[in-house]
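Chemist: I would like to see how this sequence folds:
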Amino acid sequence: MGLFQRKKEEHTITQPLYSIGQSKSLLVVGLGNIGSNYAKNRHNAGFIAVDRYKSSHEFSDWVEKKDLQAYLSLGRVGSTRVLLAKPTTMMNASGEAVQRIQKFYKLSPEDTLILYDELDVDFGVIKTRSDGGSAGHNGIKSIIQHTNKNFGRVRIGIGPKKPEQIDSADFVLQNFNKDEQELLPKILRECSAIIDERTVGLLADNTIKV
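Modeler: Coordinates of the predicted model:
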């Protein structure tokens, strides 16, 4: 099964994706909710970061794979073949898509990097981890339930919630405000740099302030 078709005068991936396991590979998953009404939400920071990474590298167009419950895009960074994914399951069921993708392309949790929003981390701060628990994040909780905890994480800070009395669910489903939107490009560049670094080595536990 070839995932991508050749288009004239466009960058394309001609090697079938099912052979992804034959070389060094990395699955990069952004978490979020599908739908235009969610597109600019804080809770969609993972989707936004993966879209930014795709646009700054030579990757194929997004292709929806309904059997895998995700949008997929393929590219190469150095000697590493990188598969980008955005689950279509909605956030709380992200693990269903990640499990299907890993199984189909024979990729392990250790070869998987998840980017997502983190309310317990201040906006402008990015934390990386090689494994761990969910810290209450429902998308990560779902991935752990369907795979295991041994996947890399890029935690994109969106906190603290303001005003304090606002419900957390309401806060994360709000769009980034004007001040946040001004800093967001720098945050996304850092996320892209982290993904690039992961393609050549293991992810270290780290805190980055933008």
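Chemist: biggest helix in this protein by residues?
Modeler: Using DSSP state H, we find that the single longest helix of the chain is helix 178-198.
Chemist: any idea how far whichever helix or strand comes after that one is from the chain center?
Modeler: Counting by DSSP states H and E, the next helix or strand C-terminal to helix 178-198 is strand 206-209. Mean C-alpha position of strand 206-209 versus that of the full chain (C-alpha atoms, centre = their mean, to the nearest Å) differs by 18 Å.
Chemist: and the longest helix of the chain, what other elements does it pack with?
Modeler: strand 25-30, helix 45-55, strand 112-122, strand 125-129, strand 152-159 (3 or more C-beta pairs under 8 Å, 6 or more residues apart in numbering; DSSP states H and E). For every residue, glycine as well, the C-beta is placed using N, CA and C.
Chemist: now these as a markdown table including mean pLDDT, distance to Met90 and mean neighbour count?
Modeler: What follows is the helices and strands packed on helix 178-198, written out as a markdown table (pLDDT from 0 to 100; distance: least, C-beta to C-beta, whole Å; neighbours: other C-beta atoms under 10 Å):
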| stretch | mean pLDDT | distance to Met90 | mean neighbour count |
| --- | --- | --- | --- |
| strand 25-30 | 97 | 14 | 24 |
| helix 45-55 | 98 | 12 | 23 |
| strand 112-122 | 97 | 13 | 21 |
| strand 125-129 | 97 | 24 | 19 |
| strand 152-159 | 97 | 18 | 24 |
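Chemist: run a quick neighbour tally on the nearest residue to Thr147 once chain neighbours are set aside.
Modeler: Here the nearest residue to Thr147 in space, its sequence neighbours aside, is Pro109; by C-beta to C-beta, 6 or more residues apart in numbering that works out to 4.9 Å. Residues near Pro109, counting by other C-beta atoms under 10 Å, number 19.
Chemist: so who does Pro109 touch?
Modeler: The contact partners of Pro109, by C-beta atoms under 8 Å, 6 or more residues apart in numbering, come to Gln102, Thr147, Asn148, Lys149, Asn150, Phe151.
Chemist: hang on, Asp131 is in a strand, isn't it?
Modeler: No - Asp131: not assigned to a strand; according to DSSP: H, G, I helix; E, B strand; the rest coil it is coil.
Chemist: this completes my enquiry, with thanks.
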